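Undergrad: after the sequence you'll find the predicted model.
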Amino acid sequence: MQVRKTEIDGAFLIDLDVHGDERGFLLESYQKSHYADYGIDYDFVQDNHSWSVGGVLRGLHYQVQHPIGHLIYVVRGSVFDVGVDLRANSRTFGKHVTCTLSAAKKQQLFLPAGIAHGFCTLAEENEILYKCTEYYYPDDEAGVIWNDADIGIEWPIKDPVINKRDASFPTLKNIAKSHLPRI
């Protein structure tokens, strides 16, 4: 496996080793000791599986009291994945990382706790698996508006399908420091 640093401290893009032939393939999607060799040494406590139709945008989500790190992997389709650093004391605060993850590429994106996460779907059907370093607490969830001009994410879709809650998140500059992830 090849692990590459991104624009955000502690976030990595991971190329998985794929062993295949005419029958199909096998890949190891996670082994704690291999990830620990690259500093991704976390206890994952929850696995999530997300399915979305094409043109959907989800995010940018984070938790305040219980920040979550994510190890994201696409098993069907393709997504434009985004992480925004919300760690107040980070030298990369406010910066973002983007990548296109797809079932064909066999890559993962690791985002440490304190990074807001979102994605938009690029294929007709998309399935995403992600390991989480913390449990999901619905009452602790917050977000940043997906099209915050100060963050400057260049989304590949112009008119996404987005739910009302995600469309009403504030800009980063309008989030009180007390409502940023507590790391």
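TA: Received the coordinates, thanks. Residues are numbered from 1 along each chain as shown.
Undergrad: quickly find the element holding residue 50.
TA: Residue 50 belongs to strand 46-53 when assigned by DSSP states H and E.
Undergrad: again with residue 165
TA: Per DSSP H and E: helix 164-167 holds residue 165.
Undergrad: and what of residue 148?
TA: Going by DSSP H and E, residue 148 is not in any helix or strand.
Undergrad: neighbours of it, just the number please.
TA: 19 (other CB atoms under 10 Å). Any C-beta I mention is one placed from the backbone N, CA and C, and that applies to glycine too.
Undergrad: now the one 3 residues further on
TA: The criterion is other CB under 10 Å. On that basis, residue 151 has 20 neighbouring residues.
Undergrad: residue contacts, it?
TA: Residues near residue 151 by CB atoms under 8 Å, 6 or more residues apart in numbering: 84, 94, 96, 144, 172.
Undergrad: for residue 146, helix, strand, or coil?
TA: coil (DSSP: H, G, I helix; E, B strand; the rest coil).
Undergrad: going by neighbour count, list what's buried in the helix holding residue 165.
TA: residue 166 (16 or more other CB atoms under 10 Å).
Undergrad: neighbouring contacts of it?
TA: For helix 164-167, the external contacting residues (CB under 8 Å, 6+ apart) are 57, 58, 59, 60, 61, 118, 143, 145, 146.
Undergrad: again, but for stretch 134-149
TA: 45-46, 48, 57, 59-69, 84, 86, 113, 116, 118, 151, 153, 155, 160, 162, 165-172, 175, 179.
Undergrad: mind running it again at 6 Å?
TA: 45-46, 57, 60-66, 68, 116, 169, 171-172 (CB atoms under 6 Å, 6 or more residues apart in numbering).
Undergrad: tell me which two in the residues you listed are the farthest apart.
TA: Taking CB to CB, the two most distant members of the contacts of stretch 134-149 are 45 and 171; they sit 30.8 Å apart.
Undergrad: returning to what we had before: among the contacts of residue 151, which are located in strands?
TA: 84, 96 (DSSP state E).
Undergrad: rebuild the contacts of residue 151 as TSV, extending it with pLDDT.
TA: What follows is those, written out as TSV (pLDDT from 0 to 100):
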residue	pLDDT
84	98
94	97
96	98
144	98
172	98
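Undergrad: only the buried residues of stretch 148-161, if you could.
TA: Neighbour count says stretch 148-161 has 148, 151, 153, 160 buried, by 16+ other CB under 10 Å.
Undergrad: could you do stretch 16-24 as well?
TA: Buried, per 16+ other CB under 10 Å, within stretch 16-24: nothing.
Undergrad: between its first and last residues, how far does that stretch reach?
TA: Here the two ends of stretch 16-24 are set 15 Å apart, with distance taken as CA to CA, to the nearest Å.
Undergrad: from here on, call the first residue 32.
TA: Shifting the count to begin at 32 puts that one at stretch 47-55.
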